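A.B. asks: Predicted model and sequence follow; I will ask about them next.
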Amino acid sequence: MQSPIRVLHGVRVLSLALNLPGPAALMRCRQMGATCVKLEPPSGDPMQHYNPAAYGELHDGVKVLAADLKTEAGQKLLQRELARTDVLLTSFRPSALEKLGLGWKQLHTLYPALCQVAIVGAGGARAEEPGHDLTYLADNGLVPGLELPATLYADMSGSLMASEAVLQAALVRNERYAGSGDNHPQGVFIEVALAAAAGYLALPRDWGLTRPHGAVGGSHAGYNVYPCQDGRVAVAALEPHFAAALCRVAGVASADAAAMLQTETREAIAAFFRSRSRAELGRLALEHDIPLHCME
């Protein structure tokens, strides 16, 4: 992946967030040029124990310090870091933040220039509910069968929203500072809910695009997953010129919009794919400019 523009250069981010969404957001902030520091409990981040490789990639370039925030020493370290932090990243429930003395009102009183990006499971009245990536996806209709989703969609999309919020907080803080006429920038508080991130991912489904009758939900013969001789093929010949190329190769007479929605067309294209190997289909896709990917 190409390195992002270092738009957060000069911004110091302190994270208290464990597991995946917070560290993934911090990784993105680091890639955008922020100076990133993380406080972990003495036992470490759970990710470090169940997937050291992932932990290592997530924390590359991050300064990690150990601190028990329930002790005087841990609080002293926290306050020292907060005093020189631009954006604080958290992933606790609101009640837990209050117990640790990290509620926004208290923080803003002590550190008026500090911004906070708070990752929560669900926002508003549901902020104290227990949940995880899977439950947020299920709540938004993104778990259709009994198989687990291929990746942690809510966590990863939430991490992008959180890194976006860090960028937004830094920009707003700087704008307020530049327009204030004094030397006292004012921080802002932004909440990012993983449930809302899952809801954002679910929008194409809500619009009907990915439901069975939708163009990218299975009704269009050129946009589907088909079995082939030795595996599967994902074909995305949705635009008319791609659909026409696919139909020419598959020996289908018509590739107009109506034909691509007909059962007969899907069956003909399915029969064509079943008769070909992945290697052959890959060559045909290159030769005829068809968006197609072969899988085992």
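C.D. replies: Alright, I've got the coordinates.

A.B. asks: just the strands in this structure please.
C.D. replies: 12-15, 35-40, 63-66, 87-90, 115-120, 189-193, 223-228, 231-236, 292-295 (DSSP state E).

A.B. asks: Looking at the ones you listed, spot the one closest to Ser157.
C.D. replies: Among the strands of the chain, strand 189-193 comes nearest to Ser157, with 10.1 Å by Cβ to Cβ. Bear in mind the C-beta positions are built from the backbone N, C-alpha and C, glycine included.

A.B. asks: packing partners for that closest one?
C.D. replies: Contact here means 3 or more Cβ pairs under 8 Å, 6 or more residues apart in numbering; DSSP states H and E; on that basis strand 189-193 packs against strand 115-120, helix 153-180.

A.B. asks: And the average pLDDT for that strand is what?
C.D. replies: The average pLDDT for strand 189-193 rounds to 96.

A.B. asks: partners of that strand in the sheet?
C.D. replies: strand 115-120 (parallel) (DSSP bridges).

A.B. asks: winner for burial among the helices and strands packed on strand 189-193?
C.D. replies: strand 115-120 (a mean of 26; mean count of other Cβ atoms under 10 Å).

A.B. asks: quick one: average pLDDT of that one?
C.D. replies: 96.

A.B. asks: before we move on, back to that, CSV please, covering the helices and strands packed on strand 189-193 and showing distance to Arg232.
C.D. replies: Output for the helices and strands packed on strand 189-193, formatted as CSV (distance: least, Cβ to Cβ, whole Å):
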stretch, distance to Arg232
strand 115-120, 36
helix 153-180, 21
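
A.B. asks: Of all those, which one is nearest His49?
C.D. replies: helix 153-180 (17.6 Å).

A.B. asks: That closest one versus strand 115-120: what angle between them?
C.D. replies: 160 degrees (axes from the mean of the first three to the mean of the last three Cα atoms, to 10 degrees).

A.B. asks: could you say what helices and strands helix 153-180 packs with?
C.D. replies: Using 3+ Cβ pairs under 8 Å, 6+ apart, helix 153-180 sits against helix 21-31, strand 87-90, strand 115-120, helix 133-139, strand 189-193, helix 194-201.

A.B. asks: Relative to the whole chain's centre, how far out is it?
C.D. replies: Remark: helix 153-180 is offset 15 Å from the chain centroid, using Cα atoms, centre = their mean, to the nearest Å.

A.B. asks: again, but for stretch 274-287
C.D. replies: 33 Å.

A.B. asks: ok so, going back, out of the helices and strands packed on strand 189-193, nearest to Gln75?
C.D. replies: Gln75 sits nearest to strand 115-120 of all those, at 17.0 Å, using Cβ to Cβ.

A.B. asks: Just want the angle from the closest one to helix 21-31.
C.D. replies: 140 degrees.

A.B. asks: now could you export just the CA positions of strand 115-120 as CSV?
C.D. replies: Below are the C-alpha coordinates for strand 115-120, written out as CSV (Å, rounded to 0.1, in the frame of the first residue of the first chain):
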residue,chain,number,x,y,z
CYS,A,115,-8.8,16.4,21.8
GLN,A,116,-10.3,13.0,22.5
VAL,A,117,-11.5,10.3,20.1
ALA,A,118,-13.5,7.7,22.0
ILE,A,119,-14.1,4.4,20.3
VAL,A,120,-17.3,2.7,21.7
